Structures are given as C-alpha cells and as structure tokens.
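> Return a 3D structure for these sequence lines:
(chains A and B)
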Amino acid sequence: MKTPLAWHNLLHSKMRTATAVAGVTFAVVLIFMQTGFLGMAAQTSGMIYDALDFDLVVRSRQYRRLSDAATIARSRLYTVASTRGVASVAAVHVAPGQWRNPVTGRKRMILTIGVQPGSRVFKLAEIQHKADLLETPEFVLIDRKSRAEFGPANGVRFGNGDLGAESEVARRTVRIVGTFSLGAGFESDGAILLDERGFLRIHPERTSQEASLGLIKLSGDAQAESVTARLQSALPPDVQVLARADVLGFERNLWVREMPVGIMFQFGVAVALIVGTAIVYQVLSSDVANHMGEYATLKAIGYGSGYLCSVVLQQAIALALLGFLPGLAIAEALYCVTERMTNLPISMNAGRIVLVLTLSLVMCIVSGLAAVRKVRRADPADLF
Amino acid sequence: MRRRVPLVWKNLTHHRQRLLIAVCGVGFAVVLMFTEIGFRNALFDSTVKIFRDLDADVIVASKAYYSLISQETFSRRRIEQARGCPGVGGVFPLYVEMFGAAWKNPDHVAIPIRVLACDPADPVFSNPGIRQCIAALSQPDTAIVDRQSKPKYGFPDAPTELLGLRGAELCSRSVRVVGSFAMGCDFMIDGTVIVSSASLAGYRPLRAWGKDPLSVVDLGIVQVVKGADVRKVIEDLRRILPPDVSIDSKEAFVAREIRFWNDSTPVGYVFFLGVVIGFLVGVVICYQIIYADISDHMAEFATLKAMGYRNRYFIGFILGEALYLSVLSFVPGLLISAAIYQGLARVTGLLMLLTVPRAALVFSLTLAMCTFSGALAMRKVLAADPADLF
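Numbers count the residues shown, from 1 in each chain, chains lettered A, B, ... in the order given. Predicted coordinates:
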C-alpha cells in the first residue's frame, strides 16, 4: 500500500491544518448564512397565499403586495362566478391595521384578513375549522407565529392563555377567540383573521361592495389556461387574473428581486461567494507554499509532477470536507438562533447543502490547481 | 544614530506574490465588513432621512406614535396650543400619507407613493432642494417630486422634462409637477412627493374620517427661538399640552425610529447578524494570513533569536506587520466598498453613506483583527528554540 501522503501532510502540523480548516469553515458559514437570508425572503414571500386554497386569483391591477393590495369592485366577482369553468369564487379582504398590545397598550401594525362566513378559503384544516368561531364582528383569531411585541399573555407567543383577551384594532375592541398557525414574513410580523363584518368594522373606509382578492376554484374538468383567458376577456382591464403558480412567483420575485431587502440579500450572497473563494484560495496557497520543501524533495527522489498534483488535490478535497462539516453544524445552529430571534422560518434544505458543498469543493480544487503550478515549477536544486 | 534595517517592510515585500495574496485576503475581509455594516446602516439612514430633511428642533407626535409607519395622528389644536409655549419660535403641522396615496403617470399604472404636505409658506424643511422650489406649491393641485424615487413611477430624469410632465394623477386627481428635490427611498417607501396642505385636503378628503381633512396632523414641527434651551422647551411643552401627544427632540425621534427597526423587525436582526458574521470571518481570514506568514519565517525568527534579539523586538515586529498589512489592505478594500455602495444605492434607491467615523470603525476593526491574529501567532515565535533550527 502506498503512503497516504496527503493525509500525513495534513496530520503533520495539526495546528496549521486546524487554522486552514477554520478558514474553510468560516467561508462555508458565511455562504450558508447569506443564502439562508435570501432563502428566508423567498420562503416567507408566499406564505399567506400558500395557506389559501385557490386555483386562480382575481385582483386589482394596482396590486402591489399583500398589505397593499388595492381593491376590486365586488361586482367583478359576480362576473367571475358566472364564467364557465369556475366552481366558486370567494372574496377575501386584506389590509394592515393598528393592533393594540393588550399588555403594554403599545400599538403595532398587524395584517388583518377578513373572510366571508362559511367560505372555504384555507387549505389548512385548523384555520378553516377555527374560522367557524368567528361568530360576531368582535371576534378575532390571531396567528400564533405573531411576534411577541403584539402582547401574548405569556410574553412569548399567543396560545390558549390568550383566549378571551380583549384588545383593540384601529381603536375598536376585539376579542381573541382562537389561534392559528400561518407565519410571519418581512412584510408583516403578525396576522389576525376576522369575519367579513368584523373586517369592515375595523376598516370603516372599506365597504362590502369591494374586496381585496377573489379566490377562484375551478370545476373539476376546467383547464386553468382557458378559464383565465375567458375571465380576462370578460373582465374590464382594472383587474387581473393570475394562476396559483404566477401569484406565488409574483410574490417571490417581489421580495427577492424588487424589495430592497431582497436586493441586499442577493448582494450579500455575491459578496459571500467572492470572500469565501478568496479565503479558500488563501488557505490552500499558503498550505502548498509551506510544503514546498517536501514537494521539492519528492521531486528529487523521482516522483513526477502528476503525483504531486494529485497529493495537492487530495489535500484540497480533504480540507474542503473537513471545513464543510463544522461549517454546516455552525450554520444550522445560527439558523436556529435566527429563527428564534426573527420568528421567520430559515431552514437548511438539501438543495442548499449540495450547492454549498459543491461550491466549497470547486473553490478548494480550483485554488488547489492554481497553487499546484508552483509545485510543478518546484526545482529540487533550490532546496539544497 | 544607527539606521535600523526596516525588517518588517523587507519581510512583507520579499515575496511580492505572497504579499498580494495576503492583501487580497485582508482586503476582502474589509469589503465584507463594509458591506454588512453598509446594509445595516442603509436600513437606518434611509428610514430617518425624512427627519434629517426637517428643520425641527422639537417634534410633536401622537402619544401612540412608535414609528413613521404607525400613521398615528393628533389634533391640529395641539399645534395652536404649542405656539403659546415660551421659547417656541414656530410650530408647523406636517401631514404624512405613508401608504394611502397613489401616483399615476399617463402611461403607467397607479403606484402607492408617500405624500408629505405642509403650508408652502412654513419653513418646515431643511433640505435645500425642497426649500428652493416649495414656494411653487402655492398654486393649486401642484406637487414637487423626489428625483430619487424608484424608476417605476416614470419621473423623467431631466428636470425640464419633469416640469413638462402632463397628465399625471395623484389619488386619481390631476396634478402638475412644479419642481423636484432629492430625498431617497427606504425599506417601506419607494417614492415621495410634497404637496401643499390645501391640495392634500383635495387629494385625501377622507383622511380624518369625514371631519376637516387637515384637522388631524401627523408631525408637529417645532422651532425654538435663538438662544432658548431645547430641553427646557420640551419640558414646558410636555406640561402645557394634554397627554395625548408625545414631545421630544428631533434626535430622540431619530433614535426611536432606529430602535424600532433594530429591535422589533426581522430586518434589523438579520443585518445585525450579518455584521457579526462579517467581523468573525474577517478575524479568521486575518489570523490565517498572519499565522501562515509567521510560520514561513520561523527559520529567520529562530536565527534572529540565536543572534540575541529579545522577545520585545519580535512583538514590535508583529505589531508593525499587522499595521502595514491593515493599511495596505484597507485602502483597496475601501475603494471597492465605495464602488459597491454606489452600485447598491443606485439599484435600491437607499441611502448608502460611507462616513469618516464608519470608515474609521472598519479600519480600527481591521487593525484590531490583524494585531490580535499577530499576537496569537506570535506565541509560536516566542517559543521558537534556535537550537531546533540547526
């Protein structure tokens, strides 16, 4: 068996290897965190739409984002309901409102969602089931994932302890009769669900003759494209009709590419990649430089450049893997902390792990190859 | 006096390529820190830019106000009441419509825009661009627009074209552009226009739920007379005015806005974490570089030791190397960061300020990182035994 030279090389000066591994580790953590932030913006962008059960959406052409949805005339929904292929259409109201923290009395912007009684607009059975609790306009359901600043009784998150608690939205008294789980985003960090009358009560500027969104469900055999086309020709140009995938794509694009937060996160990813590559190159080139004496000796003994290159590459790959694993662990821990602090979901997924692992391998191999040129040139005569 | 050999400099410049790699490494750490700090400051600076553009010593707001996005208003009577307070030179109402208004250019769809409104005769703004053209707002249904608003509003770049803009609408009513200024966007706001309060009453007739639209005010701009003690005026105002308003200095409002974004929004936390990670990665890069450099010169150090140089000399050596490396890397890092800031400011419309104190902070962090890494790596030199060498 041949001597595993690359391995011995790494083990020989443990301290130096540890420093190199730490360098790679931090590059990996940096890339994981920045891609994680970007992923967080993408993941939370469509969270509320995700929870809604619809095939097509009809909404105002002035729609900007969920908290700024503009309104459409309710009569548009009657047109929709009478179109062939549409099984049902439900009106949903969405608007930001000022929620009064029941404990401290401080106000904070919350997303208020109003649904028609008896309409089936939620995919999640829990919300759909609890929506039946909204018997009077004063009753609200609150998202358990709302931030602690909204004032849950236990100071951490809303739960059964808050049932019956009174608060105010837009200076009108409301009572919490239940909780549900939806999730916050960069747009709003909390949400309440009301009955349509309750929604209009806290938004006196809105009327029952308008709606923010019309959620359309298609009848079993209808084709989404042909119904969309029919709807678009039947409806005036002040509304737009979008398929589910387009709605989610719109929100994603908005939060990842258009809102400043998304642009900053993208920039963060780019900087992390460049800095990560620079660190890894730095680590490997100094590692090769350190072993130049040994490489020159090997050459003098008669080993070819090919063998030396393979040793350097093996070392590069070993460093990449050794640095990747703790990097993954640290990033995972930081994700947990971030999730706790921001109340937003940030999670490791297989795609990101593969991406970062591939990146760190590629960075290490490319840096290794760049450093290897030096080994090829190593002249045994210089050594002695 | 005997001239000493500048060993630190010679050592660094001996291997040009290695120096270049080291400078790149530390330079990237500098860029990383600048970028992360820049993101965080962009959030704060852009959000409070509106306060910086106000010519206010003291600000009155609703008691329920916690941030500009809270949209809490108070009664205009408080403005009249505040005018009677000793030491107060002027009190002016400022109306702010954060989300309620939309701007439409002839060939664009209507897009929400922030509207500020005041009496054109009131010296509410300190922003020179606004001061210059605000008098033109005395004509009805006119607006001055922020040139740095997002391109989606379709404001022409050239000032003359902007003034010739025809067919624009604010809240579905015709509006004429009579001037422009520079303010900028933030994380919530993509554009700003200023109108006179008389015009606002026409554009937003229902902003006070059916009462006189100008009877509810968003911010009260208080200017104290020359020589008056601002703190004293604040105390007097707090005593005179009913408890439904909060009164504080402009700086306190700026601090409050920043605290809101920093403490209770996810964005604030994420950018804070970014700064911490940026710094940690920076430390690791610097350590890696200096450690490798010192290891490479171990033989030389041992020789110097054998010649009789003391430990003190080596400590000075490392500090010198850290200083050189910091300076050499900071300058290109700063230049690259300045370019990144400019690019980001253009793309996002946010304020990316590269101020001297911030640059000084990053430089001292770089220096600290290099010195700290040097000190860690130094232990190895101090322990080096000349006898091992031969």
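> What's opposite residue A:57 in the beta bridge?
residue A:215, residue A:242 (DSSP bridges).
> contacting residues for it?
If you count contacts by C-beta atoms under 8 Å, 6 or more residues apart in numbering or on different chains, residue A:57 has them with A:49, A:213-216, A:241-242, A:244, A:247. Glycine gets a C-beta too; all of them are placed from N, C-alpha and C.
> elements contacting the host helix or strand of residue A:38?
Assessed by DSSP states H and E, residue A:38 sits inside helix A:14-45. Applying 3 or more C-beta pairs under 8 Å, 6 or more residues apart in numbering or on different chains; DSSP states H and E, we find helix A:14-45 packed against helix A:244-253, helix A:260-290, helix A:305-342, helix A:350-377, helix B:266-296.
> how many neighbours does residue 350 have?
In the absence of a named chain, chain A is used. For residue A:350, the neighbour count with other C-beta atoms under 10 Å in any protein chain shown is 7.
> that's the wrong chain, I meant chain B
Quick note: residue B:350 (other C-beta under 10 Å) scores 27 neighbours.
> same check, this time on the one 5 residues further on
Taking other C-beta under 10 Å as the neighbour definition, residue B:355 ends up with a count of 10.
> any idea how chain B splits into domains?
B:7-48+B:265-389, B:64-242 (automatic domain parsing).
> now the longest one: mean pLDDT?
Confidence over domain B:64-242, taken as the mean pLDDT, stands at 90.
> same check, this time on stretch B:45-61
Per-residue scores along stretch B:45-61 average to 94.
> ok, now stretch B:343-358?
On average, stretch B:343-358 scores 88.
> what do you get for stretch A:357-367?
84.
> That stretch vs chain B: in contact?
No - judged by C-beta under 8 Å from any C-beta of the partner chain, stretch A:357-367 stays clear of chain B, getting no closer than 10.5 Å.
> Show me which residues of that stretch are buried.
Neighbour counts using 16 or more other C-beta atoms under 10 Å in any protein chain shown place A:357, A:359-360, A:363-365, A:367 of stretch A:357-367 among the buried residues.
> Which one of these is nearest to chain B?
Using C-beta to the nearest C-beta, residue A:367 is the member of those that sits closest to chain B, with 10.5 Å.
> Let me see the contact set for the closest one.
A:277, A:280-281, A:283-285, A:316 are the contacts of residue A:367 under C-beta under 8 Å, 6+ apart.
> do residue B:7 as well
Neighbours of residue B:7 in contact, by C-beta under 8 Å, 6+ apart: residue B:317.
> pretty sure residue A:200 is in a helix, no?
Yes - secondary structure of residue A:200 (DSSP: H, G, I helix; E, B strand; the rest coil): part of a helix.
> Phi first, then psi, for the closest residue to it other than its chain neighbours.
Ranked by C-beta to C-beta, 6 or more residues apart in numbering or on different chains and with sequence neighbours excluded, the top spatial neighbour of residue A:200 is residue A:206, at 5.7 Å. Dihedral pair for residue A:206: phi -100, psi 150, per degrees, to the nearest 10.
> How many residues are close by residue 330?
All of this refers to chain A. 18.
> Wait, chain B was what I had in mind.
24.
> quick one, what contacts it?
So residue B:330 contacts B:26-27, B:30, B:362-363, B:366 (C-beta under 8 Å, 6+ apart).
> helix or strand for it, which one?
helix B:311-348.
> How many residues are close by the spatially closest residue to residue B:78 that is not a sequence neighbour?
Sequence neighbours aside, residue B:245 is the residue nearest to residue B:78 in space, at 5.2 Å (criterion: C-beta to C-beta, 6+ apart). By other C-beta under 10 Å, 23 other residues sit near residue B:245.
> Check residue A:156 too.
8.
> Residue B:177 too?
21.
> does it sit in a helix or strand, and which one?
strand B:176-181.
> name the helices or strands packed onto that strand?
helix B:128-133, strand B:142-146, helix B:159-163.
> returning to what we had before: helix or strand right after the helix holding residue B:330?
Counting by DSSP H and E, what follows helix B:311-348 is helix B:356-383.
> still on that earlier bit, possible to save the helices and strands packed on helix A:14-45 as TSV with distance to residue A:3?
Listed next are those as TSV, based on distance: least, C-beta to C-beta, whole Å:
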stretch	distance to residue A:3
helix A:244-253	53
helix A:260-290	19
helix A:305-342	10
helix A:350-377	18
helix B:266-296	24
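> still on that earlier bit, hey, what's the residue nearest to residue B:78 bridged with?
Here residue B:245 sits in beta bridges with residue B:62, going by DSSP bridges.
> which bits of the stretch 201-350 of chain A sit near chain B?
Neighbours of chain B within the stretch 201-350 of chain A, by C-beta under 8 Å from any C-beta: A:204-205, A:259-261, A:263-264, A:267-268, A:271-272, A:274-275, A:278-279, A:281-283, A:285-286, A:289-290, A:334, A:337-338, A:341-344.
> which of the residues you listed are buried?
Here, 16+ other C-beta under 10 Å leaves A:259-261, A:263-264, A:267-268, A:271-272, A:275, A:278-279, A:281-283, A:285-286, A:289-290, A:334, A:338, A:342-344 buried among these.
> what about the closest residue to residue B:180 other than its chain neighbours, how many residues close to it?
Spatial nearest neighbour of residue B:180, excluding adjacent residues (C-beta to C-beta, 6+ apart): residue B:147 at 4.8 Å. For residue B:147, the neighbour count with other C-beta under 10 Å is 17.
> Could you count how many residues lie near residue B:244?
11.
> List the contacts of the closest residue to it other than its chain neighbours.
Nearest non-adjacent residue to residue B:244, counting by C-beta to C-beta, 6+ apart: residue B:63, 5.2 Å away. Residues in contact with residue B:63 (C-beta under 8 Å, 6+ apart) are B:72, B:74, B:243-246.
> Could you single out the nearest of those to chain A?
Of the contacts of residue B:63, the one sitting nearest to chain A (C-beta to the nearest C-beta) turns out to be residue B:72, at 7.0 Å.
> how about that closest one, what does it touch?
A:98, A:107, B:61-66, B:218.
> filter those to the buried ones?
Among the contacts of residue B:72, those buried by neighbour count (16+ other C-beta under 10 Å) are A:98, A:107, B:61-62, B:64-66, B:218.
> Of those, which is the nearest to residue B:377?
residue B:66 (48.9 Å; C-beta to C-beta).
> all strands of the stretch 1-150 of chain A, in order?
Taking DSSP state E, counting those that start in this stretch, the strands of the stretch 1-150 of chain A run over residues A:56-60, A:72-73, A:86-100, A:107-115, A:139-143.
> The second one and chain B, are they touching?
No - for strand A:72-73, no contact with chain B is found by C-beta under 8 Å from any C-beta; the gap never falls below 13.7 Å.
> likewise the longest one?
Yes - Strand A:86-100 is in contact with chain B by C-beta under 8 Å from any C-beta, via A:96, A:98.
> Report the buried residues of that strand.
In strand A:86-100, counting by 16+ other C-beta under 10 Å, buried: A:86, A:89-100.
> and what of stretch B:140-149?
Per 16+ other C-beta under 10 Å, stretch B:140-149 contains these buried residues: B:141-149.
> Can I get it as CSV, trimmed to CA atoms?
Presented in CSV, the C-alpha positions along stretch B:140-149 are these (Å, rounded to 0.1, in the frame of the first residue of the first chain):
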residue,chain,number,x,y,z
PRO,B,140,-53.5,74.6,-6.5
ASP,B,141,-53.0,70.9,-7.4
THR,B,142,-49.3,71.1,-7.8
ALA,B,143,-46.6,68.8,-6.4
ILE,B,144,-42.8,68.6,-6.1
VAL,B,145,-41.4,65.2,-6.6
ASP,B,146,-38.4,63.3,-5.3
ARG,B,147,-36.0,62.7,-8.2
GLN,B,148,-34.6,59.6,-6.3
SER,B,149,-37.9,57.9,-6.3
